[in-house]
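J.: Let's see this in three dimensions:
(one chain, ligands or ions: 1)
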Amino acid sequence: MLIARTVNISIFQQYFHTARYPFYSRVNPSSIDSRGFGQYLSIRSLCMPTLDMEGPYLLNDATIDKMVERRIGNYALGESRDNSFYPKYVGRSDEDINTRLHQWVGEKRNCPYFKMSYANNRKEAFEKECKNFHDFLSSLDNDIHPDKPDGTNWKCPVCGQ
Ligand SMILES: [Zn+2]
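T.: Next up is the predicted model:
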């Protein structure tokens, strides 16, 4: 009697769990207290776009030279408020993001901050720029789709362009 009642309650709870949290209802409901929150966060991070870059740093010559090496990489320009970074422009350099960032100092009034990351090669930098471009398209000032590196016929991994 007691066992049957416990099972019924469990089914009832599971039904309500699915109804209340349809977004992550495939998470085992019995684990929601101990491991569920972590699983929820990891699912959420898959759905929320991220630049996956370091920063934000102030966009000025001294900070760029202190924080950024002369390597292949990606960057985003934008605003930083309330512990959040709001990208307005994304780009890359196939040779040297330090030099590229210096060229932006004072150029965009709505972008006092930048974030950046290094890439192992030009293809990695191009594909990351494409992903950043599509993920944040609605808030970006970028006029055109990222251009493929000179001498390549690589395609955007998101739209195939
Ligand atoms: Zn694309």
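J.: Which residues are in contact with Asp135?
T.: Going by Cβ atoms under 8 Å, 6 or more residues apart in numbering, Asp135 touches Pro49, Thr50, Leu51. For the C-beta atoms, the positions are set from N, CA and C on the backbone; glycine is no exception.
J.: gap between it and the ion?
T.: Asp135 is 11 Å from the ion, where distance means Cβ to the ion, to the nearest Å.
J.: Before we go further, Lys131 is sitting in a strand, right?
T.: No - Lys131 is assigned helix when assessed by DSSP: H, G, I helix; E, B strand; the rest coil, not a strand.
J.: ok, so what distance separates the residue nearest to Lys131 when sequence neighbours are not counted from Thr63?
T.: Nearest non-adjacent residue to Lys131, counting by Cβ to Cβ, 6 or more residues apart in numbering: Val158, 6.1 Å away. Distance of Val158 to Thr63, given as Cβ to Cβ, to the nearest Å: 31 Å.
J.: got it, and Gly73?
T.: 16 Å.
J.: Neighbour count for those two, which is higher?
T.: Taking neighbours as other Cβ atoms under 10 Å, Gly73 and Thr63 compare with Gly73 leading, 27 against 16.
J.: Quick check: pLDDT value at Phe23.
T.: pLDDT, Phe23: 46.
J.: dump the residue contacts of the most centrally placed residue in the chain.
T.: The residue lying closest to the centre of the chain (Cα atoms, centre = their mean) is Thr50, at 1.2 Å. Counting by Cβ under 8 Å, 6+ apart, Thr50 makes contact with Asp135.
J.: 10 Å - rerun?
T.: Thr50 makes contact with Lys131, Asn132, Asp135, Phe136, according to Cβ atoms under 10 Å, 6 or more residues apart in numbering.
J.: The ion contacts on the chain?
T.: Contacts of the chain with the ion, taken as Cβ under 5 Å from the ion, map to Cys130, Cys156, Val158, Cys159, Gln161.
J.: hang on, the earlier thing: for Cys111, state which of the contacts of Thr50 is nearest.
T.: Phe136 (13.1 Å; Cβ to Cβ).
J.: just checking, the closest one touches Met53?
T.: No - Phe136 is not in contact with Met53 according to Cβ atoms under 10 Å; the separation is 11.6 Å.
J.: what is in contact with those two at once?
T.: What both Phe136 and Met53 touch, as defined by Cβ under 10 Å, 6+ apart, is the set Ala76, Pro87, Val90.
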